[in-house]
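# Predicted structure and sequence below. I'll ask about it afterward.
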Amino acid sequence: MIIRPISHQDLPALHQIAIESGPGFTSLMADIDYLAQKIQRSIDSFGTDIQKPGKQSYLFVLEDERTGDIMGISGITAAAGLDSPLYHYHKSQLVNHSRALGIFKRFDVLNMCNHYTGCTEVCTLFLRPQFRRAHAGKLLSKVRFLFMAQHPQRFAHTVIAEMRGVSTEEGHSPFWNWFNEHFVDLDFAAVTELVGTGNNGFIAELIPKYPLYTQLLSKDAQEVIGQVHEQTRPALHMLECEGFRHKGYIDLFDAGPTVEAEFSQISSIATSVQCQVQAVSASTPLLSRHRNQNRSELLAIANTRTGDFRATVTDQGTYLPQHNLLQLPATLVESLGLQHGGSARCLKLTATGARILPEAVDASGTQVNATIYAN
């Protein structure tokens, strides 16, 4: 598996991914022209010298080198909400208290806001079901942080992720159903398509802006506030392990939580290192000198480029911290566009065989094959 920037040749695969992801995955719409523009924007973003975050958008594809199949996708928006407003509801509490009458009532309320405008957003994470395999979802998630760590000037101080909220296979959202009934005569699939293509002017025109008491919502709508789609739980778990936290901001349409973290406090950014590459033959003893017989060192590795960015995960390398030296097979050095004596960015992951990875575990601890996806 190797990750690289998306290219125009990936348009058919991206279109298929947009279809497979289904309603509610607002960062990808199954429209060829829209997707082609999205690819071009990513190519332009990778190819431009950037000194501060702006309207750039980066898309990475996970490719099976043996077959050429596109296994999944992930992305980064450098500064969200600059092209069109980035709306959220913020859940907070109001307290009504009459001392004279001895009445004390606490209410949950939702207030519309643009709190995260200008923040960097990690987004568009989708691992296609037929390509589920060890470490694939983890690599799709962490590769963004390797790229961000190497090019910090391209990104904002605060990083967010909008997690997909609860919706049915038929494309119905319990949260949006209530709004559809009382305020906006558009079904969930139609409204997510509008938002996904940037046509969100109706939000300011039709959706309540003033405090919305959650007690007024249907029971079904109340129950999904801040909850994620069943198949988004692994993605949320990985982000929580990185240090992301939910602070009360939710999506306007499916009530999925938005999580946030400070750039420098994200685990994969803080613990990844830029190191020198040593290309060695597969038979060189140095590669196994620091290995435990029963456990291999699992590393996520990326080159330090932008437009020619490449990354992978491997247990065929060894990082020597005392020398800040990364030893890799010569074939891997070549496939990643690295050079002997040059630089790479390296992140140590969980040792293979140490435990089941988060992407393959459900909430009860049972091993499963889960699709990884998040807006």
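Structure received. Numbers count the residues shown, from 1 in each chain.

# Can you give me the first-to-last residue distance of stretch 328-342?
One end of stretch 328-342 to the other measures 12 Å (Cα to Cα, to the nearest Å).

# average pLDDT across it?
For stretch 328-342, the mean pLDDT works out to 94.

# quick one: buried residues of that stretch?
Buried residues in stretch 328-342, counted by 16 or more other Cβ atoms under 10 Å: 328-329, 332-333, 336-338. (C-beta placed from N, C-alpha, C; glycine too.)

# Restricted to helices, list the residues you listed.
332-333 (DSSP state H).

# ok, so of the buried residues of stretch 328-342, who is nearest Gln231?
Nearest to Gln231 among the buried residues of stretch 328-342, counting by Cβ to Cβ, is Leu336 at 30.4 Å.

# any idea how far the residue of the chain most remote from its centre is from Glu63?
Distance from the C-alpha centroid of the chain peaks at Ala100, with 51.0 Å (Cα atoms, centre = their mean). Taking Cβ to Cβ, to the nearest Å as the measure, Ala100 falls 69 Å from Glu63.

# ok, now Ala204?
With distances taken as Cβ to Cβ, Ala204 is found 40 Å from Glu63.

# what does Ala300 give?
Applying Cβ to Cβ, the value for Ala300 to Glu63 is 16 Å.

# Could you check which of those two is surrounded by more residues?
Ala300 (23 against 20; other Cβ atoms under 10 Å).

# for the helix or strand where that one lies, what is the average pLDDT?
Taking DSSP states H and E as the criterion, Ala300 maps to strand 299-302. Strand 299-302 comes out with an average pLDDT of 96.

# who does that strand touch, helix- and strand-wise?
Judged by 3 or more Cβ pairs under 8 Å, 6 or more residues apart in numbering; DSSP states H and E, the packing partners of strand 299-302 are helix 136-150, strand 311-314, strand 325-329, strand 343-348.

# Just the CA atoms of it, as CSV, please.
Provided in CSV are the C-alpha atoms of strand 299-302 (Å, rounded to 0.1, in the frame of the first residue of the first chain):
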residue,chain,number,x,y,z
LEU,A,299,6.4,2.5,11.1
ALA,A,300,4.5,5.0,9.1
ILE,A,301,7.0,6.7,6.7
ALA,A,302,6.6,9.6,4.4
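
# ok, it: who's next to it in the sheet?
Take DSSP bridges as the rule and strand 299-302 pairs in its sheet with strand 311-314 (antiparallel), strand 343-348 (antiparallel).

# need the contact list for Lys55.
Lys55 sits next to 78-79, 82-83 when contact means Cβ atoms under 8 Å, 6 or more residues apart in numbering.

# Tell me the one among these nearest to Ser21.
Asp83 (21.1 Å).

# And what about the closest residue to Pro174 other than its chain neighbours, helix, strand or coil?
Once flanking residues are discounted, Pro174 sits nearest to Asp220: 4.0 Å by Cβ to Cβ, 6 or more residues apart in numbering. At Asp220 the chain is in helix, as set by DSSP: H, G, I helix; E, B strand; the rest coil.

# What's the per-residue pLDDT of Thr371 here?
At Thr371, the predicted lDDT confidence score is 42.

# wait, doesn't Ser103 sit right on Val95?
I think there's a mix-up here, since residue 103 is Ile and not Ser. No - assessed by Cβ atoms under 8 Å, Ile103 is found out of contact with Val95, at 10.9 Å.

# Which parts of this structure are helices?
Counting by DSSP H, the helices of the chain are 11-21, 32-46, 136-150, 174-182, 188-196, 201-206, 219-223, 233-242, 267-271, 330-335.

# of those helices, which approaches Val122 most closely?
Nearest of the helices of the chain (Cβ to Cβ): helix 136-150, 5.1 Å.

# shaky segments in the stretch 251-375 of the chain?
Applying pLDDT under 70 to the stretch 251-375 of the chain flags the ranges 282-296, 350-375.

# same thing but at 50, please
Scanning the stretch 251-375 of the chain with the threshold set as pLDDT under 50 gives 287-295, 351-373.

# Domain map for this protein?
Using automatic domain parsing, the domain ranges for the chain come out as 2-86+115-267, 270-348.

# residues in contact with stretch 184-202?
By Cβ under 8 Å, 6+ apart, the residues outside stretch 184-202 that reach it are 23-29, 31, 34, 83-85, 87, 167, 171-173, 176-177, 180, 203, 206-207, 253-254.

# Can you tell me which of those residues are buried?
Using 16+ other Cβ under 10 Å as the burial test, the contacts of stretch 184-202 include 23-29, 34, 87, 167, 172-173, 176-177, 180, 203, 207, 253-254 as buried.

# one step back: now, of the helices and strands packed on strand 299-302, which is deepest in the fold?
helix 136-150 (a mean of 25; mean count of other Cβ atoms under 10 Å).

# Quick check, Arg154 in contact with Ser57.
No - with contacts counted by Cβ under 8 Å, Arg154 stays clear of Ser57, the gap being 11.1 Å.

# list residues touching both of these two?
Common contacts of Arg154 and Ser57 (Cβ under 8 Å, 6+ apart): Ala78.

# Adding distance to Leu239, write the strands paired with strand 299-302 out as JSON lines.
Putting those into JSON lines (distance: least, Cβ to Cβ, whole Å) gives the following:
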{"stretch": "strand 311-314", "distance to Leu239": "18"}
{"stretch": "strand 343-348", "distance to Leu239": "15"}
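
# Go through the ones you listed and name the closest to Arg4.
Short answer: strand 311-314, nearest of these by Cβ to Cβ, at 7.9 Å.

# How about residues contacting that closest one?
For strand 311-314, the external contacting residues (Cβ under 8 Å, 6+ apart) are 1-4, 60, 135, 138-139, 143, 146-147, 298-303, 328, 332, 335-336, 349.

# how about a cut-off of 7 Å?
Strand 311-314 is contacted from outside by 1-3, 135, 139, 143, 146, 298-302, 332, 336, 349, using Cβ atoms under 7 Å, 6 or more residues apart in numbering.
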